[in-house]
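>>> dropping a prediction and its sequence here:
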Amino acid sequence: PGEFTRRAFINGRLDLTQAEAVADVIESASDKALNSALSQLKGGLSKRLNTLHENLLAAQAQLEAAIDFSEDGLTFQSRETTQKNIHQVETELSQLVDSFRQGRIVREGMRVALVGKPNVGKSSLLNALLQEDRAIVTPIAGTTRDTLEERARIKDIHIVIIDSAGLRDNPELIEEQGMQRTRSALEKADLAVVIFDSSQPLDDNDKLLMQEVGEKPKLVVLNKSDLLSSWQPDKIEKFLAGDQPLILSAKTLNGFESLKEALHKKATHGERVGESLVITRERHRNHLQQSAEALKKAGESLKEGLSEELVAVDVTLAMEHLGIILGKTFEEDLLDKIFGQFCIGK
């Protein structure tokens, strides 16, 4: 797997971020993911990191000169200027690190957990989002005892939808494992779609559900709008504590487009994701974070008046982490891991 791309990397035709982008192009599941991967393949990330690496190299040269010729009475760039230049690179690296949340969603899809009591319409909603029947839909509470995970496209992004067993206070023994999977799905999800049956009055299990969701980002859905509502407006407002509910029917699809719009907005934060440079791989994020931390330490050392030798050590470390991302330095195990994920022959 990845033989030809690996050869291109070894021969210097691609750097490591571009080689990884080849796999991302092949695996892209949405227009945003494809565009992001193509941008990286064309060198978007490489150019940015190489520029930052060169800026650090210039700062390192100033530090080395100050070390080597400190006793010769020569004047070099001030420590304040060097600190400012290092801080600028640190800021840009931190911005790239912060872009990872959106970048991961672009590449992998936003993970959405559909949660609710048994028989509130989770499986019907899943089928509507997928535009096909994948989950069993019956009027019997507790039918979905397994966690189903599917991919769906909404406009130019994709989401990973997790449909799970219903949460209720005293589950039957056969449902307990499914309940645990629901809680696990909530932990892994970027967003919870909390579904209530608006044809049934509020009860303690509804309160339990909201407690389980806790501070997780969420959309609240009042399903079964095609039936007579049993929810009183004043009680809804108090119960949801400021969360604006989406009222819809998974059966008739009335109000369904509003849910899709809300999901897209949550995934993109209302921005045009994919048009600016974002970090899409955890490997990149980790090394960028370590590079930024090293530069922060270097800047603090300069500010505190510590020696250029100590500052230079941290700047060198920061450059090394950027070099690892680009593949300037690498270990064979890392290459085996990266190229082992490719399709055979690519």
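Received the coordinates, thanks.

>>> low-confidence ranges in the stretch 101-250 of the chain?
Judged by pLDDT under 70, the stretch 101-250 of the chain has its weakly predicted residues at 132-148, 164-179, 181, 233-234.

>>> please enumerate the strands of it.
Taking DSSP state E, counting those that start in this stretch as the criterion, the stretch 101-250 of the chain carries its strands at 110-116, 148-154, 157-163, 191-197, 218-223, 246-247.

>>> nearest to residue 269, of those strands?
When the strands of the stretch 101-250 of the chain are compared by CB to CB, strand 110-116 sits nearest residue 269, at 10.8 Å. Placement of C-beta: from N, CA and C, glycine included.

>>> now do that closest one: which elements does it pack against?
In this structure, strand 110-116 packs against helix 122-130, strand 157-163, helix 173-188, strand 191-197, helix 204-213, helix 256-268, with contacts taken as 3 or more CB pairs under 8 Å, 6 or more residues apart in numbering; DSSP states H and E.

>>> the same query, at a cut-off of 6 Å, please.
The contact analysis (3 or more CB pairs under 6 Å, 6 or more residues apart in numbering; DSSP states H and E) places strand 110-116 against strand 157-163, helix 173-188, strand 191-197.

>>> so residue 14 sits against residue 7, correct?
No. In this structure, residue 14 is not within contact of residue 7 by CB atoms under 6 Å, at 9.7 Å.

>>> thinking again about what came up before, can I get the strands of the stretch 101-250 of the chain in a markdown table including distance to residue 263 and mean neighbour count?
What follows is these, written out as a markdown table (distance: least, CB to CB, whole Å; neighbours: other CB atoms under 10 Å):
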| stretch | distance to residue 263 | mean neighbour count |
| --- | --- | --- |
| strand 110-116 | 7 | 25 |
| strand 148-154 | 6 | 17 |
| strand 157-163 | 6 | 24 |
| strand 191-197 | 8 | 24 |
| strand 218-223 | 7 | 22 |
| strand 246-247 | 10 | 19 |
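
>>> among these, which comes closest to residue 296?
Across the strands of the stretch 101-250 of the chain, residue 296 has its closest neighbour in strand 110-116 (30.4 Å, CB to CB).

>>> re earlier: for residue 23, find the nearest of the strands of the stretch 101-250 of the chain.
Among the strands of the stretch 101-250 of the chain, the nearest to residue 23 by CB to CB is strand 157-163 (16.8 Å).

>>> the closest one pairs with which strands?
strand 110-116 (parallel), strand 148-154 (antiparallel) (DSSP bridges).

>>> possible to save those as TSV with distance to residue 339?
Formatted as TSV, the strands paired with strand 157-163 follow (distance: least, CB to CB, whole Å):
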stretch	distance to residue 339
strand 110-116	26
strand 148-154	25
